[in-house]
Structures are given as C-alpha cells and as structure tokens.
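> Below is the sequence, then the predicted model.
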Amino acid sequence: MTNDKPPMVEIKNLSKAYRRGSQIIPVLQDITFDIGEGEFMALMGPSGSGKSTLLNLIAGIDKADTGIIRVGGVDITTLTEAELAGWRAANVGFIFQFYNLMPVLTAYENVELPLLLTPLSRRERREHVEMVLGVVGLADRMDHYPSQLSGGQQQRVAIARAIVTDPTILVADEPTGDLDRVSAEDILSLMDNLVHKFGKTIIMVTHDPRAAEKAHIIQHLEKGVLTA
Ligand SMILES: Nc1ncnc2c1ncn2[C@@H]1O[C@H](COP(=O)(O)OP(=O)(O)OP(=O)(O)O)[C@@H](O)[C@H]1O
C-alpha cells in the first residue's frame, strides 16, 4: 500500500527494560517501524515477547527508556504524565480482551462515558453515542446492561466506546481472545469496516492467525526484537 502522507505512528529506536531490584530485564530493544494513516497492523509473537508493552507505549500508558514515539506528529515520549493523560483521552481508543465495560451502566452510558470529559452538550453526546452504536450494529440494545449482552455484543459496545471520541488511533489487545469463532469473525469484520469505511488506524496485539489475516501488516516480535 502506498501512502504519501506522513505516517500516523512513527517509532524510532525504541527500547524499554523493567527493573526488578538490581536486575534489569530488557523487554523491547531498538524497535523502529511506521504505521500509515488508515492502516491495520497486527503485532504477533510468543508470550512474553513484549507485544503488550509495545502497545502500551504507543498508547501512552507506559514510558519508554529511549527512542521516539510520534503519533499524529506528536512525540509522546516528551510529554509529562499529566499531558500524556490528556493526550490519551483525546487520541487513543482502547479495545481490551475482556471488554472492560462498567457493569452498572447501560450500553448507552458506557459509550457516553468518554464524552463526559469533553465540552459536548448532553444533546451532542446523544447524537455521537447513537451514531456509533449504529455503526457497531447495536442501536436496538442501547438500554441493555453488559450482563444482558453476549460477549460479541459487549465487545461491540467496547468498540463503540473506543471510537466515540474519534481518536487518532485505536489500540486493541487480543480483541478476539475471549470470543468464539463466529463472534470473533464478526468483531474482525467490524474492525475491518472501521479501517476501510471510516479510515481508522488500528494496532492490534493477537495470537490468532485469523485475526492477523485481516490486518494489512503483521509485525513479529521475538524476545523484544522485531523479526519482520
Ligand atoms: N510491570 C512489569 N514489571 C516487570 N516486568 C514486566 C512488567 N510488565 C511486563 N514485564 C515483562 O516484560 C516481558 C514482556 O511482557 P508483555 O506483556 O509485553 O509480553 P506479551 O508479548 O504481550 O505476552 P503475552 O502474549 O503473554 O501477553 C515479560 O517478560 C514480562 O514478564
């Protein structure tokens, strides 16, 4: 795929180690790659190879030791914790393996949650929430609680919540890991739609080869080093 725009995500010479007492455990070593706008990337690799750590760095949840992470032109490694929190809220949509919905809130209320941090009026929030619940095919389930929804439907609500603020990037950590094959296919088609119809940029950690097949690019990590 050719793309003459600057990359949506630029990662240069990124390294990260965890310290346990005097022990230093290298987790990511000298990682460099780009992700274009509207691309769908899968991160694969054995357990412990550093996939979630890399995803968390790109999403601004964790801090790199060295290197550059530019997302939408902003080098997030230079931001303070407070700036990073604001940046995350405005720029990153999260999709988790276990959905992470609030059980006491309806589908509508779960999706509205990130908008409560914005200056949007109640009416504007309603328009946004109804629109994204329509995109994920759950317009008729708005008043259901998570416990009244299937796993696949809960993941759809979580995806609606991730896109409702129109973030710069979507990060997904094993989004199909808790789903049966049919629901997993369904969620992957939805993610594919977000990329093709809405131009979203997605970075997804997965062990599932069928999930990776949907992606445009697959990056393999092996003991903290990119191998492809
Ligand atoms: N907070 C932490 N403190 C110390 N070590 C950590 C921490 N988080 C992760 N690690 C270590 O970093 C390495 C990479 O972990 P990471 O979760 O990124 O791997 P992964 O490829 O996502 O694995 P999995 O597929 O099992 O989720 C592992 O050796 C892990 O033990």
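Received, thanks.
> Near the ligand, which residues of the protein? Just list them.
Tyr18, Arg20, Ile25, Val27, Gly45, Ser47, Gly48, Ser49, Gly50, Lys51, Ser52, Thr53 (CB under 6 Å from any ligand atom). To be clear about C-beta, it is placed using only N, CA and C from the backbone, and glycine gets the same treatment.
> What remains of the residues you listed if I keep only buried residues?
Applying 16 or more other CB atoms under 10 Å to the residues of the chain next to the ligand, the neighbour count classes Val27, Gly45, Ser49, Gly50, Lys51, Ser52, Thr53 as buried.
> how much space between the closest residue to Pro7 other than its chain neighbours and the ligand?
Leaving aside its chain neighbours, Pro7 sits nearest to Asp34 (3.7 Å; criterion: CB to CB, 6 or more residues apart in numbering). From Asp34 over to the ligand the distance is 21 Å, taken as CB to the nearest ligand atom, to the nearest Å.
> For Asp34, which residues count as its bridge partners?
Beta-bridge pairing for Asp34 (DSSP bridges): Glu10.
> pLDDT score assigned to it?
As predicted, Asp34 sits at a pLDDT of 96.
> now do the one 10 residues further on
With respect to pLDDT, Met44 has a value of 96.
> related to what we said a few turns ago, the residue nearest to Pro7: how many residues sit nearby?
Per other CB atoms under 10 Å, the neighbour tally for Asp34 reads 16.
> Hmm, it is touching Val9, no?
Yes - using CB atoms under 8 Å, Asp34 is in contact with Val9, at 6.6 Å.
> Past the helix ranked longest in the chain, which element shows up next along the chain?
Ranked by number of residues, the top helix in the chain under DSSP state H is helix 181-198. Counting by DSSP states H and E, the next helix or strand C-terminal to helix 181-198 is strand 202-205.
> Paired strands for that next one, with orientation please.
Applying DSSP bridges to the sheet, strand 202-205 is found paired with strand 40-44 (parallel), strand 169-173 (parallel).
> Can you give the contact residues for that strand?
Residues outside strand 202-205 that contact it (CB atoms under 8 Å, 6 or more residues apart in numbering) are 9, 35, 39-44, 51-52, 55, 58, 169-175, 191, 194-195, 211, 215.
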